[in-house]
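Participant: How does the following fold in three dimensions:
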Amino acid sequence: MPATPLDIENEFRAILPPDFIRPATAADKVCGVQPKLVLEPADAQQLAAALRLANDANLAVIPRGGGTKLGWGNPPQRADLIVSTARLDKIIEHAWSDLTVTVEAGCAIQKLQSALAQHGQRLAFDPLWPEAATIGGALSANDSGSLRLRFGALRDLILGVTIALPDGTLASSGGKVVKNVAGYDLPKLVTGALGTLGVITRATFRLHPLPHNTKTLSVSVANLDGMQRLLLAAQDSQLAHTSLQARISPDAAPMVDILFEGTEEGIAAQDSQFRNLAYPASTSEAPHDVWNAAREIWNSADSAAVAKITALPNAIMWAVKTVDRIAAARNTRWKLAMQGFGVGTLRLDGTPASLHAVLTELRAELERNGASLTLLHRPVATPHFEAWGNPGDVLPLMRAVKNQFDPKNTLNPGRFAGGI
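Facilitator: The predicted structure is shown next:
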């Protein structure tokens with residue numbers, strides 16, 4: 001009979017202090033699956049040792065940061081332990097003159113940004129729920145916001161990473177200098193892997209200066225065709241904008257938002273150029289909180305489905321019309337925050353049966369046309385729906401990498417694409 005977490009609890013207590021181990025409660029469920037224990041190691045060495053013990057005992061481990069995206073992905077096939085990075089929350093080194101920072105995985109993003117701001121710097125990254133989301137969790141989920149248009153995603157900002165492998169090895173790759181191309185690209189490999197390859201314990205990032213001035217303009221356009229033309233015109237122009245998004249729902253005219261950062265003179269010139277580009281549509285200055293559009297889609301979302309959809313920038317209008325047609329046929333309400341580079345957060349409100357039908361039909365049509373849909377949240381009563389969609393020809397390679405890093409399928413079993 002295989003060992004259970006409770007059977008080897010004393011062995012964990014030999015590694016961790018007693019108050020770093022507790023029984024899991026209903027609040028610790030992962031997509032409805034109940035683990036037995038929660039471990040909160042204080043450093044990377046304790047985490048690696050606990051992970052090795054769990055791996056040797058064939059226990060399934062769910063890594064957890066702030067828990068803000070614990071519902072993303074498929075339900076785990078098993079969930080014996082949660083290994084939390086909550087105590088790994090230190091900013092290890094801020095080399096402000098080199099524009100780099102090294103930080104532990106459990107550090108909340110807002111805490112990091114506040115510390116960097118004291119030196120006029122930032123991690124140019126605007127995730128969901130920064131006050132609770134952690135560095136390790138954001139990396140694992142590959143979260144990104146509107147700043148991605150100008151600065152890239154996290155995988156473009158990360159320079160180095162240390163991860164604990166299931167066998168207890170602490171593996172590091174990359175460094176803290178901006179130009180670092182030597183060695184195996186572990187930082188990019190674990191970004192977006194949903195904690196299925198190893199548990200991130202620390203990471204090093206390139207930083208950017210905080211802007212001296214910012215300005216957001218919003219444009220109400222008459223229809224989806226006007227929205228598409230304005231998004232493409234802005235992208236094809238000489239504008240040096242930082243962010244670009246469209247806010248769309250079936251009961252209001254589309255809104256296009258653009259963010260400028262820089263000197264007052266530079267922003268004034270950009271403002272004038274964009275107003276000419278948008279004419280005759282009405283342009284006005286908007287509060288910065290319009291960039292919370294993707295976050296607001298999650299408000300009171302327990303009974304809604306939330307998905308990430310992608311499409312090429314020149315196919316955004318087609319994707320929106322596809323959403324509208326399929327949702328309307330199932331009497332399902334929707335709204336969408338779409339970034340100008342073609343990544344959007346979609347909310348669907350309807351009955352569990354209608355949500356499942358809309359998601360199924362919408363994914364099929366998007367994938368047929370080179371777009372995609374990843375389900376991030378669904379109501380409990382909704383029939384099972386694979387979160388990731390078709391991984392395509394890359395699945396055998398993904399399985400080979402998973403087998404190399406985690407041959408016993410210890411970490412987040414079944415939660416990633418293709419049941420990895």
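Participant: and E265, how many residues sit next to it?
Facilitator: 9 (other Cβ atoms under 10 Å). Glycine gets a C-beta too; all of them are placed from N, C-alpha and C.
Participant: Which helix or strand contains the residue most central in space within the chain?
Facilitator: Among the residues of the chain, the one closest to the centroid is D143, at 1.8 Å (Cα atoms, centre = their mean). D143 is part of no helix or strand, with elements assigned from DSSP states H and E.
Participant: Double-check it against G66; I have them as touching.
Facilitator: No: using Cβ atoms under 8 Å, D143 is not in contact with G66; the gap is 11.2 Å.
Participant: what is in contact with the two at once?
Facilitator: Shared contacts of D143 and G66, defined by Cβ atoms under 8 Å, 6 or more residues apart in numbering, comprise 133, 137.
Participant: still on that earlier bit, got the contact list for the residue nearest to the centre of the chain?
Facilitator: 69, 127-128, 133, 137, 154.
Participant: quick one: buried residues of stretch 327-345?
Facilitator: 327, 330, 332, 334-345 (16 or more other Cβ atoms under 10 Å).
Participant: typed the wrong thing, it's stretch 218-231
Facilitator: 218-221, 224, 226-228, 230-231.
Participant: Check stretch 273-286 too.
Facilitator: 273-274, 277-278, 281, 283, 286.
Participant: Out of those, the closest to E93 would be?
Facilitator: When the buried residues of stretch 273-286 are compared for distance to E93 (Cβ to Cβ), A286 wins out at 37.5 Å.
Participant: bridging residues for the closest one?
Facilitator: On the basis of DSSP bridges, A286 is bridged to T216.
Participant: still on that earlier bit, determine which two of the buried residues of stretch 273-286 are furthest apart.
Facilitator: For the buried residues of stretch 273-286, the maximum inter-member distance is 17.3 Å, found between Q273 and A286 (Cβ to Cβ).
Participant: shaky segments in the stretch 101-250 of the chain?
Facilitator: 175-184 (pLDDT under 70).
Participant: Kindly recompute the last result at 80.
Facilitator: Applying pLDDT under 80 to the stretch 101-250 of the chain flags the ranges 174-184.
Participant: can you give me the strands for it?
Facilitator: For the stretch 101-250 of the chain, the strands defined by DSSP state E, counting those that start in this stretch cover 121-122, 158-164, 170-174, 199-206, 208-209, 213-220, 243-249.
Participant: Out of those, the one nearest I82 is which?
Facilitator: strand 199-206 (11.2 Å).
Participant: Can you give the strand pairings for the closest one, parallel or anti for each?
Facilitator: Using DSSP bridges, the strands paired with strand 199-206 are strand 100-104 (antiparallel), strand 158-164 (antiparallel).
Participant: re the thing from before, name the nearest of the buried residues of stretch 273-286 relative to G370.
Facilitator: Proximity of those to G370 (Cβ to Cβ) peaks at L277, which lies at 27.7 Å.
Participant: and the closest residue to the closest one other than its chain neighbours, how many residues sit next to it?
Facilitator: For L277, ignoring the flanking residues on the chain, the nearest one in space by Cβ to Cβ, 6 or more residues apart in numbering is A233 at 5.4 Å. A233 has 13 neighbours, counted by other Cβ under 10 Å.
Participant: Now find how far off-centre whichever strand or helix holds A327 is within its chain.
Facilitator: Here A327, judged by DSSP H and E, is contained in helix 316-329. Centroid separation for helix 316-329 versus its chain: 24 Å, with Cα atoms, centre = their mean, to the nearest Å.
Participant: for that helix, which positions count as buried?
Facilitator: Here helix 316-329 shows 316-320, 322-324, 326-327 as buried, counting by 16+ other Cβ under 10 Å.
Participant: for stretch 362-381, same thing?
Facilitator: Neighbour count says stretch 362-381 has 362-363, 365-366, 371-379 buried, by 16+ other Cβ under 10 Å.
Participant: Can you list which of those are found in helices?
Facilitator: Within those, residues falling in helices by DSSP state H are 362-363, 365-366.
Participant: Just give me the closest of the residues you listed to N55.
Facilitator: R363 (34.3 Å).
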